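Novice: one predicted model, sequence on top.
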2 protein chains.
Amino acid sequence: MLKPPEHQVAGHEAGAGKVGPLVDGSGHFYKPLQPGDERGAQEVAFYTSFSSDPRVPSSIRSFFPSFGGTQLLRTSDSSDVLLPHLVLEDLLHGYSGPSVMDVKIGARTWYPRASESYFAKCLKKDRESTTVPLGFRISGLQVHQESGRWKPDRNKVRKYTVTDVRQVLRQFVSKNPDETHPDCALASLVYGGSNGILAQLLELKSWFEDQTLFHFYSTSVLISYDKGGMGARVKLVDFAHAMEGEGIIDHNFLGGLCSLIKFVSEILTDTEAEVGPANNGIV
Amino acid sequence: MLKPPEHQVAGHEAGAGKVGPLVDGSGHFYKPLQPGDERGAQEVAFYTSFSSDPRVPSSIRSFFPSFGGTQLLRTSDSSDVLLPHLVLEDLLHGYSGPSVMDVKIGARTWYPRASESYFAKCLKKDRESTTVPLGFRISGLQVHQESGRWKPDRNKVRKYTVTDVRQVLRQFVSKNPDETHPDCALASLVYGGSNGILAQLLELKSWFEDQTLFHFYSTSVLISYDKGGMGARVKLVDFAHAMEGEGIIDHNFLGGLCSLIKFVSEILTDTEAEVGPANNGIV
C-alpha cells in the first residue's frame, strides 16, 4: 500500500502525473531514481559508502536515515513504469501529529567542480535567501495544531528574511504558530532538555568539528517532534551533493550548524527568562 | 625614529615612493590613512567602536592589537606630506627573531552590501585560492632561522594549494623550514601546550560560537613566535571590512577558524605520535 508521504515539507512531491517519493506505512520511505538523474545516482553512492564506513561512530549514524538499498517499484504517478527507488527509513513513521522543519545547512550550496551554470544558479539563490547571511535557510515546515496543521506556502518560505527565520523558529515550537505572538509553549520540551533538539545539534556539531570524511552541500537538518512536544528528533537528509572530505573538515556545514544552534539556544534563554520566575515560585 | 616594519609578511608595504605602515621601535605600529581611503576610515571606525564596547570580554580583547587613536605623521615615502595614521600596537615588538604567519580567515572575503565588482573580484580570488576549500588562506609568512630567515615569495604564497598549506603549517614550526621534510621540531612548543597557538585558537573559537557583535571579512589571524619557539601568540589583524553582527554569529569566520584548528591539531597529533615513544623511553 504505497502512497505519497503525508507530511513532506520540502523537495519534489508526488502528485497527479508527477513522480515523487512514497511511503509504505510500515517505516519505509522510497525515493525514485529517474533515468539520467545524476543527483539520485550520487545519493545512492553516498548512502552505500556511508553505511559501510567503519569510521562513522554509531551515535552519529543515528542522525542519518537507515538505508535499505534500492528497489524496483511502480512510480507514484500511477503509470505502469517501474523505476528503481532508494529505500530509506520513513523518519516520521509512528508520529500521530508530526511537526516538521527542513533546514538546509551551509552558507553555500554549490559544491566543488559543479558546472558554472549550476554554481551561478546556487549562488544567486544563496544570496537571495538567508543562506549567505545566516549560514542556513528554512526550506519548508509544518506545525501540528489541534485544528489541523499550519503549513506556510512554499513561495512564502522561499522569501523568508533573517527576521522571518527568527520568528519561524519560535512559531515552530508554539501552540499558536499562526499568530503574531507565538507562545513558544513547547520550546523547552522540544528544543531544551538533555534529549532535545539543542542537545542533538550540539552532538552533531562535535562530530563536524572533527570529521573530515564527508562534505555535505545542500544537505538539510530535519527537525521533527510529535504532538505535545514529544519525540524531538534531528536527522540529516538529502545527500545528492555529499562529497568526500579529503582530510578537510566541512567548515561550510559546521559554520551554518553553529549559527542555527545559536538561534535555538537564544529562544531557550528567552523563554526560560520569561517562564523562569513563575516556575520557581518567586513571582 | 619611524621606519618600515622589518617583519611584515602581508599587506601594503612601505618602500621607495610608496606609502606603507611604520613602526617606532618602542611598541607602536602606524598605518597610513590615505585621503578617500574608505577601508582606512572603516578600520578606524571598527577600532573606535570595538575598543569602547563593554560587551567584549577582556580575555578576548587581548587578541586584538591595542588602539591608540590616530596621529598626523610624515608618510613613509619621505615626501613632505602629512597623513593621519592609525596608531596600533606593534605586535612584533620585543621579538628578537620573529617567525610570523598571516592567515586570512573565512570561506568568503566579500562582505554584505559590497559592490558587484568588489564581490566578483573577491569571489574569483576565493575560488582560486584555498579560501573556498579550506575556509582560510595563508597570505604570507616568514620563519626565523639561524642563518637568516625563510620567507616564501608573495607570488608563490598566492598560489598555495591545499597540499601546500598542509606543508607550510609544518614548515612554520620547523628548524629546517626550507627543506622538503620539515622536522616540526618546534611544533609542540609553538602549537601545543596550555598557552600555545592551539589553545589560543580554541579560546577565540569559544567566543566566536557565541558573539554576535561583529562579523570579520578579510580579517587575518596573525600567528607569531620568537626564536626558540618562545612567546607563541595569536592576534587578529585587518578590520577594514569588520561589520556589525546584527545578532547573527560570524559563521564564516568561525567555520574557517575551526578548519585551521583541525590542521594545527593534526600536526600536533602527528608529531606527538612520532616523538612520543622515544620520549616515553619505550623504543
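Specialist: Here it is on my side, so go on.

Novice: from here on, just use CA atoms for contacts and neighbour counts.
Specialist: Fine.

Novice: adjacent strands (with direction) for the helix or strand where A:Lys235 lies?
Specialist: With secondary structure defined by DSSP states H and E, A:Lys235 is part of strand A:230-237. Partner strands for strand A:230-237, per DSSP bridges, with pairing direction: strand A:220-226 (antiparallel).

Novice: residues making contact with the strand holding A:Lys235?
Specialist: A:62-65, A:189-191, A:195-197, A:200-201, A:219-226 (C-alpha atoms under 8 Å, 6 or more residues apart in numbering or on different chains).

Novice: can you dump the C-alpha atoms of it in CSV for me?
Specialist: The C-alpha coordinates for strand A:230-237 follow below in CSV (Å, rounded to 0.1, in the frame of the first residue of the first chain):
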residue,chain,number,x,y,z
MET,A,230,7.2,14.5,22.3
GLY,A,231,10.0,12.7,20.5
ALA,A,232,12.0,15.7,19.3
ARG,A,233,14.5,14.5,16.8
VAL,A,234,17.3,15.8,14.5
LYS,A,235,18.1,13.9,11.3
LEU,A,236,20.1,14.7,8.2
VAL,A,237,18.5,14.3,4.8
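
Novice: quick one: buried residues of that strand?
Specialist: Within strand A:230-237, the residues that count as buried by 16 or more other C-alpha atoms under 10 Å in any protein chain shown are A:Gly231, A:Ala232, A:Arg233, A:Val234, A:Lys235, A:Leu236, A:Val237.

Novice: ok, of these, which one's closest to chain B?
Specialist: A:Leu236 (19.2 Å; C-alpha to the nearest C-alpha).

Novice: got the CA coordinates for the helix or strand hosting A:Ser59 in PDB?
Specialist: Using DSSP H and E, A:Ser59 falls within helix A:58-61. Extracted C-alpha coordinates of helix A:58-61, given in PDB (Å, rounded to 0.1, in the frame of the first residue of the first chain):
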ATOM      1  CA  SER A  58      27.300   4.700  15.800                       C
ATOM      2  CA  SER A  59      26.000   7.700  17.800                       C
ATOM      3  CA  ILE A  60      26.400   9.800  14.700                       C
ATOM      4  CA  ARG A  61      25.000   7.100  12.400                       C
END
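
Novice: pLDDT averaged over that helix - what is it?
Specialist: If you average the pLDDT over helix A:58-61, you get 97.

Novice: what is the burial count for the closest residue to A:Tyr95 other than its chain neighbours?
Specialist: Excluding its sequence neighbours, the residue lying closest to A:Tyr95 (C-alpha to C-alpha, 6 or more residues apart in numbering or on different chains) is A:Asp226, at 5.5 Å. Using other C-alpha atoms under 10 Å in any protein chain shown, A:Asp226 is surrounded by 20 other residues.

Novice: got the confidence number for A:Asp226?
Specialist: The per-residue pLDDT of A:Asp226 was computed as 97.

Novice: could you report the neighbour count for whichever residue of the stretch 101-250 of chain A sits closest to chain B?
Specialist: Closest residue of the stretch 101-250 of chain A to chain B, C-alpha to the nearest C-alpha: A:Ile249 (5.9 Å). A:Ile249 is flanked by 29 other residues according to other C-alpha under 10 Å.

Novice: once you drop chain neighbours, what's closest to it?
Specialist: Per C-alpha to C-alpha, 6+ apart, closest to A:Ile249 is A:Thr212, 4.5 Å.

Novice: so that neighbour sits against A:His251, correct?
Specialist: No - A:Thr212 is not in contact with A:His251 according to C-alpha atoms under 8 Å; the separation is 9.8 Å.

Novice: what's near enough to touch A:Arg154?
Specialist: A:Arg154 neighbours (C-alpha under 8 Å, 6+ apart): A:Ser139, A:Gly140.

Novice: who's A:Gly89 bridged to?
Specialist: No Gly there; residue A:89 is Glu. Under the criterion used (DSSP bridges), A:Glu89 bridges to A:His28.

Novice: tell me the helix or strand right after the top strand by length along chain A.
Specialist: Using DSSP state E to assign secondary structure, the strand with the most residues in chain A is strand A:136-145. Using DSSP H and E, the helix or strand that directly follows strand A:136-145 along the chain is strand A:148-150.

Novice: pairing partners for that following strand, with directions?
Specialist: Partners of strand A:148-150 in its sheet, by DSSP bridges: strand A:136-145 (antiparallel).

Novice: for the strand it pairs with, give the mean pLDDT please.
Specialist: Strand A:136-145 shows a mean pLDDT of 97.

Novice: and A:Phe253, backbone torsions?
Specialist: phi -70, psi -50 (degrees, to the nearest 10).

Novice: that one contacts A:Thr109, doesn't it?
Specialist: No - when contacts are counted by C-alpha under 8 Å, A:Phe253 is not listed as touching A:Thr109 (9.6 Å).

Novice: now for these two: what residues contact both?
Specialist: Contacts common to A:Phe253 and A:Thr109, judged by C-alpha under 8 Å, 6+ apart, are A:Tyr217.

Novice: so which residues of chain A form helices?
Specialist: Assigned by DSSP state H, chain A shows helices spanning A:38-51, A:58-61, A:116-128, A:131-134, A:154-158, A:162-171, A:187-190, A:197-210, A:251-279.

Novice: give the burial count for A:Ser66, as a bare number.
Specialist: Using other C-alpha under 10 Å: A:Ser66 sits among 16 other residues.

Novice: repeat that for A:Val9.
Specialist: 21.

Novice: which ones are touching it?
Specialist: A:Val100, A:Met101, A:Asp102, A:Ser139, A:Gly140, A:Leu141, A:Gln142.

Novice: contacts only, for the residue nearest to A:Leu201 when sequence neighbours are not counted.
Specialist: Closest residue to A:Leu201 apart from its sequence neighbours, by C-alpha to C-alpha, 6+ apart: A:Ile261 at 6.7 Å. By C-alpha under 8 Å, 6+ apart, the residues touching A:Ile261 are A:Leu198, A:Leu201, A:Leu202.

Novice: does the first one touch A:Glu266 like I think?
Specialist: Put plainly, it is A:Leu198. No - if you go by C-alpha under 8 Å, A:Leu198 and A:Glu266 don't touch, sitting 10.5 Å apart.
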